[in-house]
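**Student:** got a predicted structure plus its sequence, pasted below:
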Amino acid sequence: MIRYSTVILFISVLFFHSCSKKVKEISRPIIEISVENIIAKVGDKIITVDEFIERSEYTIRPDYCRGDNTIHKKIILNSLIGEKLLSLETSNISLSPNLMRYLKGRKEQAMRDVLFYEKGYKNN
């Protein structure tokens, strides 16, 4: 009887020890993008065929560009280019400390308003 419990204890310790080992971080392979898959290049950012298809086929589009004609495709591509340009512009902006404090205060006030609504109005 002692040997049976010892074996069970030993197996459970081995099991928990093997489960508790740190998992090595798997590095993602660098995806090679061929020149044929690039539709547009904005600064150091690129727009690929897959990104364009994802935007045009898999997302809800407004009424003015839901069709399948060339003008609607140009509207989608222009909005993608505009997003890339905007991301380039906003990455270069450095906010002043006063603006950062103002934005932090607005965010905290909004959080207080939500908390007051959740705890004060919603429960009653």
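**Tutor:** Received it, and whenever you're ready, just let me know what you need.
**Student:** off-centre distance for stretch 114-124?
**Tutor:** How far stretch 114-124 lies from its chain's middle: 30 Å, per C-alpha atoms, centre = their mean, to the nearest Å.
**Student:** cool, and stretch 89-98?
**Tutor:** Relative to its parent chain, stretch 89-98 has a centroid offset of 21 Å by C-alpha atoms, centre = their mean.
**Student:** ok, which stretches of the chain are strands?
**Tutor:** 38-42, 45-48 (DSSP state E).
**Student:** the longest one pairs with which strands, and in what direction?
**Tutor:** Partners of strand 38-42 in the sheet, by DSSP bridges, are strand 45-48 (antiparallel).
**Student:** which residues touch the partner strand?
**Tutor:** Here strand 45-48 makes contact (C-beta atoms under 8 Å, 6 or more residues apart in numbering) with 33, 37-41, 77, 80-81, 84, 87-88. For the C-beta atoms, the positions are set from N, CA and C on the backbone; glycine is no exception.
**Student:** can I get those residues in a markdown table with neighbour count and distance to residue 111?
**Tutor:** Listed next are the contacts of strand 45-48 as a markdown table, based on neighbours: other C-beta atoms under 10 Å; distance: C-beta to C-beta, whole Å:
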| residue | neighbour count | distance to residue 111 |
| --- | --- | --- |
| 33 | 12 | 41 |
| 37 | 14 | 43 |
| 38 | 12 | 42 |
| 39 | 14 | 41 |
| 40 | 15 | 39 |
| 41 | 11 | 40 |
| 77 | 16 | 38 |
| 80 | 20 | 33 |
| 81 | 16 | 35 |
| 84 | 19 | 32 |
| 87 | 12 | 27 |
| 88 | 13 | 31 |
